[in-house]
Structures are given as C-alpha cells and as structure tokens.
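Novice: sequence unknown, structure follows:
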Ligand SMILES: O=CC(=O)O
C-alpha cells in the first residue's frame, strides 16, 4: 500500500484579499493560504496570521472570525484601512511595509511639487494640442529652487522628501506629533503656522483620528494664494470639499494630488484645473518597491512563525 502523503507543515496565512501574483509565487513555498472571504471554519480557526495585501478594509468583524489570530501583516505603509482599535484590544501585532516604499514616495512627492509649480502637465497638454505654434509660449511659471517647503510628517517618507528638497536649496521645516531630535530642520508645533510660513505644504503623514481633515480652510488660508498643497499621504488628511472651494476661489495656488478621500473617485471639478496635477495613488508603486515590500513581508512572517522579533511592527 502506498504511504499517505506527508502532512503539509507550512503555516497557514489568511489573506484579506487575493495576493499579487508575484507575492503569491514568492510565498507559496513557505506558507499555505486561505482567502478570508471563502475560508472554511477549520482554516478560520487555525490562522494565526492575516496578510493584508493592498488596501482592503479590515474591520473588527473580519478579525472576529479568526480566534487564533496574533499578527496582521500589511503590505502598505499606511494602515488606516485596518481597524487598529480592534487590533489593540485583541492584543494583535500589526506590521507595515516599513521603509520599503519610502524612496519612491519621496521621489514622487518632489515630482508632483515640480510638476505643479512649473505646470509640467499643463505645458505638456499645451504642446500636444498644437497651441505652442498657434498661440506662442505657455505662460511663465514659478521657480522651485529656494522655495519654503513645510513637510507634515517627518517619518521614512517625509525625511526623504526633506533631503531631496534640501538639494534644491529649499528651506524645509516640518510639523509632526512631536519634534524629531535628530532632524536638522525647524519643527513647527502648529500646522497653521507651518502653512503660513511655507510656499508648499507636503503631506506625508499617517491618516488617524487626529490627522483626519487636518488640512482645513484655515490651514489653506494660511498657505495663501501662491501656496501649493502636495499630498502623497491619504486623501482623508484634507477636507476635500474645502480644498475644491479653495482652489476654485484662488485661496491656494495649486495642488499635486496622488490620493483622494473616496478612491478611486476623483472630484470631477479637479479634472478641469490647470493648476492641479493628479495621479492614481501610485507614488509607492514601482516594481523595485514591490520587491522591497515582499522582502519585508517575508521577513515579518518568518520572524512571527519562528518566534523572533518582528521586522516592522507598528506602535498601536
Ligand atoms: O499608500 C500606500 C501605502 O500606504 O503603502
């Protein structure tokens, strides 16, 4: 009689949603997977780790069907899509992408800043539509080098934005929950004051109950009519209807937006504004960064299942 097949000893990892094929291929040798939406009771009872790929909403109810759960491993930097209160009260560990996306996000923030101040996208449309030959040069735009830039959130991304802009001769200052003793830039305790002293405000902080709608009319009025808002954090950091009003009324001068409050919905009014550069929440996404995140996820899962300290645990 043939011997029974050996038991599959790979640990089970529950998936909040299907993985990118690259992720699935790289992890399949080490782990078994079940998809939360389809998992049977045995898998739900067994799973000690939940892998949250992308930004699907993970509620207390989702967590509640996984009684053995100890780890929520996210592939993103921001974890506002996960009910962190529920994780805290269950004593779950949560990990994020660490610094894997930071360079790409910082590069992109600087790209948006340059694109808005120098009207790169509008000039591109101008040339493509034949208006250069027909109507003459596109109007003059604004110099980037030497601008005063206020960075909101001086973490892995914000600190890289600061370093890049220092090379442009920009005067960088920042606002965050608390001053960073090692940062060589002035800390500004009130966001309104940071906006008042900046030509450009770059948002690179997490979305939390405290930071939701932190950029309100008052902050935009302080930024002023020549001021530009760049957001590579989360749409919810900004009161979006107020942003639309401020752009329409010329309260601020422009915006570079990679994120929105209700993605993938983009307020239609933005589409017609020449002083606004838009993209589809892609600041973090390059094949190189995705490879880096894969390494962080594998390192966290391997550490968890072998009882070693996690690589990128979040403070809850
Ligand atoms: O926005 C992307 C992320 O948080 O990783």
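Specialist: All right, it came through fine. Remember, it's a predicted structure, so these values are computed and weren't measured experimentally.

Novice: any idea how far residue 178 is from the ligand?
Specialist: Per Cβ to the nearest ligand atom, to the nearest Å, residue 178 is found 21 Å from the ligand. Just so you know, the C-beta spots here come from the backbone N, C-alpha and C atoms, and that holds for glycine as well.

Novice: Contacts (any at all) between the ligand and the helix or strand of the chain with the lowest mean pLDDT?
Specialist: None of the helices or strands of the chain scores lower by mean pLDDT, DSSP states H and E than helix 21-27, at a mean of 89. No: judged by Cβ under 6 Å from any ligand atom, helix 21-27 stays clear of the ligand, getting no closer than 13.9 Å.

Novice: which residues touch that helix?
Specialist: Helix 21-27 is contacted from outside by 13, 18-19, 33, 53, 75, 290-291, 294, 297-298, 301, using Cβ atoms under 8 Å, 6 or more residues apart in numbering.

Novice: Mind listing what's buried along that helix?
Specialist: By 16 or more other Cβ atoms under 10 Å, the buried positions in helix 21-27 come out as 23, 26-27.

Novice: re earlier: make a markdown table from the contacts of helix 21-27 and add neighbour count and distance to residue 141 to it.
Specialist: Formatted as a markdown table, those follow (neighbours: other Cβ atoms under 10 Å; distance: Cβ to Cβ, whole Å):
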| residue | neighbour count | distance to residue 141 |
| --- | --- | --- |
| 13 | 23 | 49 |
| 18 | 14 | 43 |
| 19 | 22 | 43 |
| 33 | 18 | 50 |
| 53 | 19 | 40 |
| 75 | 24 | 37 |
| 290 | 18 | 34 |
| 291 | 12 | 36 |
| 294 | 20 | 39 |
| 297 | 28 | 41 |
| 298 | 17 | 45 |
| 301 | 22 | 47 |
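
Novice: residue contacts, the closest residue to residue 142 other than its chain neighbours?
Specialist: The shortest distance from residue 142 to any non-neighbouring residue, by Cβ to Cβ, 6 or more residues apart in numbering, is to residue 117 (4.7 Å). Listed by Cβ under 8 Å, 6+ apart, the contact set of residue 117 reads 141-144, 147, 200, 228, 254.

Novice: Over to residue 53?
Specialist: By Cβ under 8 Å, 6+ apart, the contact set of residue 53 is 15-20, 23, 75.

Novice: got it, and residue 48?
Specialist: Neighbour list for residue 48: 11-12, 68-71, 304-305 [criterion: Cβ under 8 Å, 6+ apart].

Novice: which ones among these are found in strands?
Specialist: Judged by DSSP state E, the contacts of residue 48 include 12, 71 as members of strands.

Novice: ok, residue 214 touching residue 194?
Specialist: No: using Cβ atoms under 8 Å, residue 214 is not in contact with residue 194, being 10.7 Å away.

Novice: who in the protein is up against the ligand?
Specialist: Counting by Cβ under 6 Å from any ligand atom, the chain sits next to the ligand at 76-78, 97, 101, 284.
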